[in-house]
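K.L.:
Generate a structure from the sequence data that follows.
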Amino acid sequence: MSDMRGRIRPKNLRQQVAVESKRRTVLFFSIVSVAFLYLSFTLLFGNMGFLKYNELKKTKSRLESEITTLEQENKQLKQHVTALKQDPFYIEKHAREEYGLAKPDEYIFQFNDNAR
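P.N.:
From the prediction side, this is the model:
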């Protein structure tokens, strides 16, 4: 009788089978529910979850746009270097604008826009 404390005491075998079947059903659905909750939590918030995936996707997009911008800048710098090495008119233009150089017997006038 000490084993049956707190339990329903079935009157016959049919009741005992029904009680055990109900217990197994409740246990099964409890385990399935806990497993489902764990998997849902892991899929959303885990190390490789959906939120982390979205964050990595945004980072990838940002880095791709930075790469595109840097590639364009690199292309312009290469063109600038090539022009400085090969184009005498570009070299002269650059020397005049950047360094204020002039040819002999040539005058350069510079005006300040800050005079108000």
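
K.L.:
Please name every helix or strand in contact with the one helix or strand in the chain whose mean pLDDT sits lowest.
P.N.:
Among the helices and strands of the chain, helix 88-99 carries the lowest confidence by mean pLDDT, DSSP states H and E, at a mean of 86. Here helix 88-99 touches helix 50-86, going by 3 or more C-beta pairs under 8 Å, 6 or more residues apart in numbering; DSSP states H and E. All C-beta spots, glycine's among them, are computed from the backbone N, C-alpha and C.

K.L.:
What mean pLDDT does the helix it packs on get?
P.N.:
Helix 50-86 carries an average pLDDT of 95.

K.L.:
what packs against it?
P.N.:
Helix 50-86 packs on helix 13-45, helix 88-99, going by 3+ C-beta pairs under 8 Å, 6+ apart.

K.L.:
And the least confident helix or strand of the chain, how far out from the chain middle?
P.N.:
44 Å (C-alpha atoms, centre = their mean, to the nearest Å).

K.L.:
That one vs helix 50-86, what angle?
P.N.:
Helix 88-99 and helix 50-86 are oriented at 110 degrees to each other (axes from the mean of the first three to the mean of the last three C-alpha atoms, to 10 degrees).

K.L.:
Can you tell me what sits against helix 88-99?
P.N.:
With contact meaning C-beta atoms under 8 Å, 6 or more residues apart in numbering, helix 88-99 is reached by 83-84, 101-102.

K.L.:
Would you mind confirming that L43 is in contact with F50?
P.N.:
Yes: judged on C-beta atoms under 8 Å, L43 makes contact with F50 at a distance of 6.0 Å.

K.L.:
Kindly reformat the contacts of helix 88-99 as CSV containing distance to H94.
P.N.:
Output for the contacts of helix 88-99, formatted as CSV (distance: C-beta to C-beta, whole Å):
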residue, distance to H94
A83, 8
L84, 6
L101, 9
A102, 14
